[in-house]
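Asks: Starting from these lines, generate the structure:
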Amino acid sequence: MIDKYKKNRYLVVGLGNPGKQFSGNRHNLGKMIVTGLSKESKVPLTAKHPKAELAEVVVDDKEAIIATVNDYMNLSGFGVSALVNYLDIDLSRLVIVHDDIDLDLGEIRIKKGGGTGGHNGLRSIVDVLGSEDFLRIRLGVGRPPAKRDPADYVLSDFSVVQFSELEFVLQDAIDAIKVIITDGVDEAMNRYNIKKR
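Replies: Numbering: from 1, shown residues only. Take a look at the predicted model:
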């Protein structure tokens, strides 16, 4: 049971589409990361909310809520907004984990605020919250090949070679989330805003 009255926690939301058919898509990388942190922490995402699945994790005695929303990517804002309101989270402690085609696979960028970069999930969140002032962990999935539609590219699975690299990407991103929880976003930016692999 999530105690919604605790203050000053981070809410970390991994973006993706619901359903097994999307689970290996590039667009679901954010959801993969949060699910990976749930497994590593041995705390399943079983706390129910009408718009999401949640878990409370503890990292070095600091608590945070991790979540995946049940809406499709382009409607992510409704689930994220519902969680922000339910948990009374300040937007400075909302962390959105998402895929980014403008970064190479293996690159991580942690960012405070900013635009959406054409990402439908971010666009929905900004539209519904009415603010860009939340934290983002951008996870590179690489650019689509020439002439391939970006929407089709992110809704397709990683290649076999990319899957072999994902283990390292997943762990780096999970570690970045843990640093945000324990030491704050500035420390995480100092450590992870570099080209990985």
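Asks: Now the helix or strand that contains Asn85 - C-alpha only, CSV.
Replies: Using DSSP states H and E, Asn85 falls within helix 76-87. What follows is helix 76-87 as a C-alpha-only set of coordinates in CSV (Å, rounded to 0.1, in the frame of the first residue of the first chain):
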residue,chain,number,x,y,z
SER,A,76,0.6,9.5,-21.1
GLY,A,77,-0.2,12.9,-19.7
PHE,A,78,-3.5,11.8,-18.2
GLY,A,79,-1.9,9.0,-16.2
VAL,A,80,1.1,11.1,-15.1
SER,A,81,-1.2,13.9,-14.0
ALA,A,82,-3.4,11.6,-12.1
LEU,A,83,-0.3,10.3,-10.2
VAL,A,84,1.1,13.7,-9.5
ASN,A,85,-2.2,14.8,-8.0
TYR,A,86,-2.8,11.6,-6.1
LEU,A,87,0.6,11.6,-4.5
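Asks: Next, the contact list for Gly30, please.
Replies: The contact partners of Gly30, by C-beta atoms under 8 Å, 6 or more residues apart in numbering, come to Val13, Gly14, Leu15, Gly16, Ile96, Val97, His98, Asp99, Gly121, Ile137, Leu139. The C-beta positions use only the backbone N, C-alpha and C, and glycine is treated the same way.
Asks: If I look at Phe163, what pLDDT would I see?
Replies: pLDDT, Phe163: 82.
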